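> All I have is the shape, not the residue letters:
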């Protein structure tokens with residue numbers, strides 16, 4: 001019984017949510033609504049409130065990230081649109097909700113892959129539905145496969161499909177991602193592999209894990225990956241990779 005309880009506790013997902021609005025009254029309103037919603041729906045969150053967009057930007061640039069952001073658009077120092085651009089440079093998995101008193105930003109916001117856009121005057125009516133959709137999206141992302149880097153310095157959630165390959169560099173593990181991005185974590189390849197969905201991953205050798213989803217072709221001992229990346233390995237491992245790729249492509253075609 002104890003083991004089952006521990007297993008359930010281990011599987012519990014805690015979402016990190018940031019709210020940024022330079023009007024404290026709206027921060028208090030959003031905080032209350034979020035806490036009541038999560039209590040009613042038994043959703044665990046870590047909530048952080050910012051009434052200074054500069055502070056949020058500084059923490060983002062230091063490596064801090066959240067699963068979801070609720071941002072006012074018109075703020076001093078940095079607008080919500082500027083903050084959203086910085087978030088987009090660091091994370092493809094974050095849900096961003098714009099909260100504003102003005103409707104004239106809707107077209108610009110829609111062009112930024114923003115999750116939702118909410119007018120403050122309609123907050124009472126529309127916010128519960130927005131939260132339904134936001135947490136449904138976050139749950140869906142978890143099921144698609146994510147990898148979380150969490151330490152004292154940063155919190156980063158990666159979509160597994162965005163990982164092209166992983167390699168060991170001294171005591172660090174380096175994640176090579178879509179769009180030329182990289183993330184690092186102090187860990188072993190074996191620890192990383194256990195935390196990911198192994199179906200798409202292949203240990204090419206002791207120092208490299210490939211995401212089969214991004215393999216484009218193999219020529220002799222060279223594996224060509226998405227975005228111009230390539231890695232080299234021994235002939236026996238290349239032969240084994242070809243066998244795995246044949247099985248993997250057979251399942252997805």
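In hand now; what should we look at? The structure displayed is predicted, hence computed values, not measured ones. Residues are numbered from 1 along each chain as shown.
> Just give me the neighbour total for the nearest residue to residue 216 once chain neighbours are set aside.
Using C-beta to C-beta, 6 or more residues apart in numbering and skipping the chain neighbours, the partner closest in space to residue 216 is residue 224 (4.9 Å). Quick note: C-beta positions are derived from backbone N, CA and C, even for glycine. With neighbours defined by other C-beta atoms under 10 Å, the count for residue 224 comes to 14.
> which parts of the host helix or strand of residue 224 are buried?
Assigned by DSSP states H and E, residue 224 belongs to strand 222-225. Under the neighbour-count criterion of 16 or more other C-beta atoms under 10 Å, strand 222-225 has 223, 225 buried.
> How about stretch 194-203?
Within stretch 194-203, the residues scored as buried using 16+ other C-beta under 10 Å are 196, 200-203.
> Tell me the helix or strand right after the helix or strand encompassing residue 85.
Following DSSP H and E, one finds residue 85 within helix 80-90. Note on helix 80-90: by DSSP H and E, the next helix or strand toward the C-terminus is strand 95-100.
> Would you list the strands that that next one pairs with, along with their directions?
Under the criterion DSSP bridges, strand 95-100 sits next to strand 68-72 (parallel), strand 116-119 (parallel) in its sheet.
> which stretch among those comes nearest residue 210?
strand 68-72 (30.7 Å; C-beta to C-beta).
> can you give me the angle that closest one makes with helix 80-90?
160 degrees (axes from the mean of the first three to the mean of the last three C-alpha atoms, to 10 degrees).
> average pLDDT for strand 68-72?
Strand 68-72 shows a mean pLDDT of 92.
> repeat for stretch 78-87
86.
> Pull out the buried residues from the helix or strand containing residue 218.
Assigned by DSSP H and E, residue 218 belongs to strand 215-219. Neighbour counts over strand 215-219 (16+ other C-beta under 10 Å) mark 215, 218 as buried.
> Mind giving me the packing neighbours of that strand?
On a contact count with 3 or more C-beta pairs under 8 Å, 6 or more residues apart in numbering; DSSP states H and E, strand 215-219 meets strand 222-225, helix 235-252.
> May I have the strands that pair with it, each with its orientation?
Assessed with DSSP bridges, strand 215-219 is paired to strand 222-225 (antiparallel).
> quick one, which of the helices and strands packed on strand 215-219 is nearest to residue 126?
That would be helix 235-252 among the helices and strands packed on strand 215-219, by C-beta to C-beta, at 38.1 Å.
> can you list contacts of the closest one?
Outside helix 235-252, the residues within contact range by C-beta atoms under 8 Å, 6 or more residues apart in numbering are 199-200, 202, 204-205, 210, 212, 215, 218, 220-221, 223, 233.
> Apply 10 Å and report the result again.
Helix 235-252 is contacted by residues 199-206, 208, 210, 212-213, 215, 217-223, 232-234 when judged by C-beta atoms under 10 Å, 6 or more residues apart in numbering.
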